[in-house]
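**Student:** build me a model:
(one chain, ligands or ions: 2)
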Amino acid sequence: MRNSTFETKTTLPDRAVLVSLVTNEVKRSGIDPEYSLEELVQLAETAGVEIADVLVQNKETPDTRWFIGKGKVEELRASILALDANTAIFDQELSGAQVRNLEESLDVKIIDRTQLILDIFAQRAKTREGIIQVELAQHSYLLPRLSGHGKNLSRLGGGIGTRGPGESKLETDRRHIRDRISDLKQQLDEVTRHRKLHRERRKETGVVQIALVGYTNAGKSTLLKQLTEADVYIENQLFATLDPTSRNLVLPSGKEVVLTDTVGFIQNLPHNLVASFRATLEEVNEADLILQVVDASSERRDEQMTVVDNILNELGASNTPQIVLFNKIDLCSAEQREHLQTDAQHLKISAYNEEDLVTIRNTIQENLTGDTALFRIPAARGDLSSTMYRVGDVVRQEVEEDDLIFEVRLNQIDYDKYGYQLKEFIIHEEPSQS
Ligand SMILES: Nc1nc2c(ncn2[C@@H]2O[C@H](COP(=O)(O)OP(=O)(O)OP(=O)(O)O)[C@@H](O)[C@H]2O)c(=O)[nH]1
Ligand SMILES: [Mg+2]
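**Tutor:** Ligands and ions are numbered 1, 2, ... in the order given. This is a model prediction of the structure:
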């Protein structure tokens, strides 16, 4: 049945026991271990893993050799045998030595949350940039976990926990991996430079950039599709989208802006991954407006919003104007709906409701349209006329004595960008009605 001669060991789907160790450090980190474990279940399912059992241990500190306590290792062994599992997935990061000890003792594949996320990313990566970024993250994860013998590289073969760097590198030693990392970094630099050039060109043309951000599975891609008719991948699973997709969005005024879908966020996002995906996430940083998409029907809505805000902070994008879209309102209970903040910056929507899409387009437009301003420019500064047309809609233009009068409905973003020369000529400003 199997048609590939390259396929290595795994013929059965992975069947895993999930393990979570709740240490004092975990408790201090502010991460709710129960929520984290719920998410690990979803991540495992997303990766196509069957879940046989879930084990939890409370312990002040991890065991240096086994991570979990010796007694818990025996419990895990019993569960693996009874339920015929071939993998154990830990919700916290393990050291290389702990992985080896557990693997030798239990004779199953051992992976942790970080590796599982990296695997899902590896399954999803389609563009050159995405593929390079994932491989870079995988190697960076692996490097400190290789100690002495390169034996644990033999875990790289097939199935989850094994995708990625690839079988051809089975015998690779540390130096080899380091070489590969610097090679990947170089390739990434090149791709990044291209992306940057592209972005700068878009910027020069003055096109407004809007980024859809949010927790994974919130509905970002669905909104991109609904708003722009883009053909994008939408799935009820974590990390459906990896590579940013940009599409033109036409506002009611006829103005075109660029809307970009981005990779979803998750709590406890592996550091290697964030570092590797910095280039991709730059899109968010450069946006003129951020649409934060929230799954309002999620029991964990507030936690998810906090994670997103924290990551935006880390990216340096916390000052970018933001509209929060409370999505999936159709799935919300009356009580859930009631607790949602609503004002000009917070909308309750469903990505599948046409009227809501109209509201979103209008709200974007309102946020881009600022106040109406009156300018008086000396005729000698006629060179500024063209700038007037760059910063908004000129609604009136007259000559009065030796001066030019312009009434402009400002586009706030463009005005901030290009309007610095105009500011001294303003004679009257009126807040917009919207
Ligand atoms: N009922 C309902 N389902 C929605 C709505 N918006 C999105 N969905 C569903 O939610 C799931 C996730 O949607 P995506 O658009 O893939 O989510 P995403 O934010 O792009 O997710 P990632 O790419 O994984 O980060 C899909 O099954 C969508 O059909 C909505 O307003 N109502
Ligand atoms: Mg998506």
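
**Student:** did I read that right, Ser297 in a strand?
**Tutor:** No. Using DSSP: H, G, I helix; E, B strand; the rest coil, the assignment for Ser297 is coil, not a strand.

**Student:** and the pLDDT for it?
**Tutor:** On the pLDDT scale, Ser297 is placed at 96.

**Student:** residue contacts, it?
**Tutor:** Lys328, Ile329, Leu331, Cys332, Gln336 (C-beta atoms under 8 Å, 6 or more residues apart in numbering). In this view, the C-beta of every residue, glycine as well, is placed from N, C-alpha and C.

**Student:** do the same with Thr114
**Tutor:** Thr114 makes contact with Glu93, Tyr141, Pro270, Asn272, Leu273 under the criterion C-beta under 8 Å, 6+ apart.

**Student:** for ligand 1, what's the nearest residue on the chain?
**Tutor:** Gly264 (2.4 Å; C-beta to the nearest ligand atom).

**Student:** surely that residue and Leu238 touch.
**Tutor:** Yes. Using C-beta atoms under 8 Å, Gly264 is in contact with Leu238, at 7.1 Å.

**Student:** list the residues that contact both of these two?
**Tutor:** Thr216, Asn217.

**Student:** so between those two, which is more surrounded?
**Tutor:** Taking other C-beta atoms under 10 Å, Gly264 and Leu238 do not tie; Gly264 has more neighbours (23 against 20).

**Student:** how's the chain carved up into domains?
**Tutor:** With automatic domain parsing as the criterion, the domains of the chain are listed as 15-118, 120-187, 207-352, 369-430.

**Student:** what about the first one, near ligand 1?
**Tutor:** By that I understand domain 15-118. No. Domain 15-118 is not in contact with ligand 1 by C-beta under 6 Å from any ligand atom; minimum separation 8.6 Å.

**Student:** list, one by one, the residues from the stretch 251-400 of the chain near ligand 1.
**Tutor:** Close to ligand 1, as judged by C-beta under 6 Å from any ligand atom, the stretch 251-400 of the chain has residues Gly264, Asn327, Lys328, Asp330, Leu331, Ser350, Ala351, Tyr352.

**Student:** picking up where we left off before, what would the contacts of Thr114 look like in CSV with secondary structure?
**Tutor:** What follows is those, written out as CSV (three-state DSSP):
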residue, secondary structure
Glu93, coil
Tyr141, helix
Pro270, coil
Asn272, helix
Leu273, helix
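
**Student:** now the strands for this protein?
**Tutor:** 15-22, 50-58, 87-90, 109-112, 209-214, 245-250, 256-261, 289-295, 322-327, 346-348, 369-378, 392-400, 403-411, 426-430 (DSSP state E).

**Student:** which of those strands has the highest mean neighbour count?
**Tutor:** Of those, the one with the most neighbours on average (mean count of other C-beta atoms under 10 Å) is strand 87-90, at a mean of 26.

**Student:** partner strands of that strand, parallel or antiparallel?
**Tutor:** Sheet pairing for strand 87-90, assigned by DSSP bridges, gives strand 15-22 (parallel), strand 109-112 (parallel).
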